[in-house]
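Colleague: Here's my sequence, what's the structure:
(chains A and B)
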Amino acid sequence: MKNIPISALIGLFFTGLYFLIALLAPLIAPYGMAEVVGDVWEPSSSEFLLGTDSIGRDLLTRLIYGGRTTIFIATMATILSFVTGSVLGFFAAVSGGWVDQALSRFVDLIMSIPSLIFALVVLSVMPTTMLTLIVLMGLLDSTRVYRLSRAVAVDITVMDYVEAARLRGEKVAWVIFREILPNALSPLVAEMGLRFIFMVLFISTLSFLGLGVQPPQADWGGIVKENKEGINYGIQAALYPAYAIATLCISINLVADWVLNRTTSLKGGRG
Amino acid sequence: MTADEPLLKVRGLKIGATIYPPGERPRDIEIVHGVDFDLAPGKVLGLIGESGAGKSTIGLAAMAYGRGGVELTGGEVWVNGRDMLQAGVRDVRNLRGGEVTYVSQSAAASFNPAKKIMDQVIEAAVLQKKFTKAEAESRAVELFAKLGLPDPENIGSRYPHQVSGGQLQRCMTALALCPEPDLVVFDEPTTALDVTTQIDVLAAIKDAIRDTGVAALYITHDLAVVAQVSDHIMVLRMGEMIEYGTVDQIINNPQEEYTQALVSVRSIKHVEKQPGDNPLLRVEHITARYRGTNFDVLKDVNVQLHPGQTLAIVGESGSGKSTLARVITGLLPPSAGEITFDGRTLTPDLAARPLDDLRELQMIYQMADTAMNPRQTVGTIIGRPLEFYFGLKGKAKQQRIQELLDEIELGEGFQDRYPAELSGGQKQRVCIARALAAKPKLIICDEVTSALDPLVADGILKLLLNLQKVEDVAYLFITHDLATVKAIADSIAVMFQGKVVRYGSKSEVLSPPFDDYTDLLLSSVPEMKLGWLEEVLAHRKMESAGN
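Modeller: Numbers count the residues shown, from 1 in each chain, chains lettered A, B, ... in the order given. The predicted structure follows:
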């Protein structure tokens, strides 16, 4: 693990910090998540480091728990979108013919509907639970992953080593996971960082619109929503979660950049 | 410039580059270690060597240019009495495209597909203010005619994709000659062409050089080709000059051991075996076409291959020889005909074949680079068929992998390497080991030596012949190179436009009387003797197919 560039170290540090805080939220947070402990919008003090929110809950506590929710949902949705998107994308590329056509046109159909609108419509009829959110976001986003992985895999399936594997009589699963996946990994990993960030933004947007994580559960978009009136009175409360979202996005991007650099130069493999 | 001053004088030329090894810091290496030579006006110097010898780099250095991160680090390059490595940008700019021009290997990749040929041919001449546009165009037409291009008046108004590969290569020669340069650098101008096309382009280039009195650096890896056009030859190896002399001396009396090896390459003697009673592979009345086309790539092909023997399929690009391999392996089901393998009828489609049919029929590819997964180690690549077909695991598998590596003469320490860490010849050997691992009865070799340097290719052919003796495996050997065929085949099928035009044992096919196409093909293979080109052109019966 030597030769890590400084930018990646910074990215790794902050990403790690955020994930650690998310994991250990109940241990770190000074107060209970939904506990009203002070007055409305108190300024920061030794008691409340970042002050209190619109109904007197400790803002730092809310941010910590909010991060836990946001990061958990975004991570789960990213994993779901990558597993479905890339497996289907590779499968379409390997199969070709009508399988490829059917899957690709279906994905085009889904992509032609703006995903925020799609999500809003679905969430207006479905119960807004965490599971619904994860599945919905994951599946909507898997269309993008499908596109990318299919494009990458189509280039790889025409290589002689894939043909050699087919001539050997290998099953589709071997071709996908052992021949194609290792060679498609680096663009996918870079994309993963980016998609995770979009997930954070997506769940924050949904919560801001009131259709995401429901109160009293905290999440960063929701905290902005609860405190947005305060901006008129010069209260900073709504800006803290925004800072959190921004720093998390930047640090993950720094890490993804470095991973991309490393994997593309590995043993002369393809980019 | 005095009369005896050479046109091009190179002294102590050193060329370096920066490499980026995986997992290590980038470092500088030297790829040409101080080369000296002179070139008099109107003379042709052949630069010859294997890939990595630095021959193209030296050729480009004559234009004071280093391609793709290559740097001219030391020495002198004098052109017309000026040291171009010390010259200013303006001088160098006048040199390139004015005094020195360049013909690249792949004309198809070098022409801009969006511009007409004429505009590209006259570009340098007009830009260097050597000619006005009208003068340059009439000069280009003259050159087209001199180079034997059909319809020289109008061919310039076509786009690059509208002419054949051999014609495009001649257009590029016209492009290089158009500004009346003093020196042309030919960088493997015929390597990408079929033999029967190569001979025409070669003759055109030779005539053009003689008629215009231009000097030339002719870069190639094929000694037989360079012998036809050059006055002098310089043999290069790993950035150093091995030998320099007149063509006559290099070909007929080489002094250095390496040059002797180059001259005597392809001297493998192979006595053909007599066919037995039961053929291993029987291809009967095969006709095939690609999906979505209305053109038969293979037309009623019939061939047989006996156990432990080699059938060579010879033909130019587009003759259908690789398609035949795809049909036999099941990648392309034929529209008619039947293939019998070891007494069983092979299903036309790959998916329906039993595992044993797949195992006993292996394939080796032309490009070893793309035939191996870059993310798998050599151990995995060779080990997978062992595991897949024979269920070998752990120690037994390791041992067998090592046995196979020994068989292909690689030895210890290769199991954990990645393909990128092997040389071209080693990669092809690993591919052979992967095929052998399946204990096949038949291996289809699709142009397995054509991407390799002659000496390396020779080693591969010897290895294949040895393995045939030890493993008693049959080869279906697809190639365009007749020298290879002579070295390895027991029987030969000559293919032309999807049909087998001549088929029989090696001695039958290679002895007269010939049909027209076989005659053309056989006579087009460059021979390592002076004056061969003129001799052949005087005796030809048939125009080459690529024109």
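Colleague: Now do the single nearest residue of chain B relative to chain A: how many residues are near it, please.
Modeller: For chain B and chain A, the shortest gap (Cβ to the nearest Cβ) falls at residue B:420, measuring 3.1 Å. Every C-beta, even on glycine, is put in place using the N, C-alpha and C of the backbone. Residue B:420: 16 surrounding residues under other Cβ atoms under 10 Å in any protein chain shown.
Colleague: For it, give me phi and psi.
Modeller: Main-chain torsions, residue B:420, degrees, to the nearest 10: phi -60, psi -20.
Colleague: in chain B, what secondary structure element scores lowest on mean pLDDT?
Modeller: Lowest by mean pLDDT, DSSP states H and E among the helices and strands of chain B is helix B:532-538, with a mean of 79.
Colleague: Who are the packing partners of it?
Modeller: For helix B:532-538, the helices and strands in contact under the criterion 3 or more Cβ pairs under 8 Å, 6 or more residues apart in numbering or on different chains; DSSP states H and E are helix B:195-212, helix B:223-229.
Colleague: Mean neighbour count, the ones you listed: which tops it?
Modeller: helix B:223-229 (a mean of 24; mean count of other Cβ atoms under 10 Å in any protein chain shown).
Colleague: Name the next helix or strand downstream of that one, please.
Modeller: strand B:232-237 (DSSP states H and E).
Colleague: Check which element follows that next one along the chain.
Modeller: In N-to-C order, the element after strand B:232-237 by DSSP H and E is strand B:240-246.
Colleague: show me what contacts the spatially most central residue of chain A?
Modeller: Centroid-nearest residue in chain A: residue A:196, 2.4 Å away (criterion: Cα atoms, centre = their mean). By Cβ atoms under 8 Å, 6 or more residues apart in numbering or on different chains, residue A:196 lies in contact with A:74-75, A:78, A:252.
Colleague: Please repeat the previous calculation with a cut-off of 6 Å.
Modeller: A:74, A:78, A:252 (Cβ atoms under 6 Å, 6 or more residues apart in numbering or on different chains).
Colleague: Just the ones of those residues in strands?
Modeller: With strands taken from DSSP state E, there is no overlap with the contacts of residue A:196.
Colleague: In a markdown table, list these along with pLDDT.
Modeller: Shown next, in a markdown table, are those (pLDDT from 0 to 100):
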| residue | pLDDT |
| --- | --- |
| A:74 | 94 |
| A:78 | 95 |
| A:252 | 90 |
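Colleague: Would you format the residues you listed as a markdown table with distance to residue A:124 and neighbour count included?
Modeller: Below are the contacts of residue A:196 laid out as a markdown table (distance: Cβ to Cβ, whole Å; neighbours: other Cβ atoms under 10 Å in any protein chain shown):
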| residue | distance to residue A:124 | neighbour count |
| --- | --- | --- |
| A:74 | 22 | 25 |
| A:78 | 24 | 25 |
| A:252 | 31 | 22 |
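Colleague: Relative to chain B, which of those residues is nearest.
Modeller: Checking the contacts of residue A:196 one by one against chain B (Cβ to the nearest Cβ), the nearest turns out to be residue A:78, at 23.5 Å.
Colleague: if I pick the closest one, what's in contact with it?
Modeller: Neighbours of residue A:78 in contact, by Cβ under 6 Å, 6+ apart: A:195-196, A:199.
Colleague: how much space between the residue nearest to the centre of chain A and chain B?
Modeller: Residue A:196 is 24 Å from chain B, where distance means Cβ to the nearest Cβ, to the nearest Å.
Colleague: Once you drop chain neighbours, what's closest to that residue?
Modeller: Ranked by Cβ to Cβ, 6 or more residues apart in numbering or on different chains and with sequence neighbours excluded, the top spatial neighbour of residue A:196 is residue A:78, at 4.7 Å.
Colleague: hmm, back to that, buried ones in the host helix or strand of the residue nearest to the centre of chain A?
Modeller: Element membership of residue A:196 [criterion: DSSP H and E] is helix A:181-208. Neighbour counts using 16 or more other Cβ atoms under 10 Å in any protein chain shown place A:181-193, A:195-208 of helix A:181-208 among the buried residues.
Colleague: And the next helix or strand past that helix?
Modeller: Scanning onward from helix A:181-208 (DSSP H and E), the first element met is helix A:220-227.
Colleague: So residue B:77 lies in a helix, does it not?
Modeller: No: applying DSSP: H, G, I helix; E, B strand; the rest coil, one finds residue B:77 to be strand, outside a helix.
Colleague: burial measure for it, as a count.
Modeller: Neighbours of residue B:77 under the rule other Cβ under 10 Å: 22.
Colleague: Which strand residues bridge it?
Modeller: With DSSP bridges as the criterion, residue B:77 is bridged to residue B:10.
Colleague: try the one 5 residues further on
Modeller: For residue B:82, the beta-bridge partners under DSSP bridges are residue B:79.
Colleague: Could you tell me the per-residue confidence at it?
Modeller: Looking at residue B:82, its pLDDT stands at 84.
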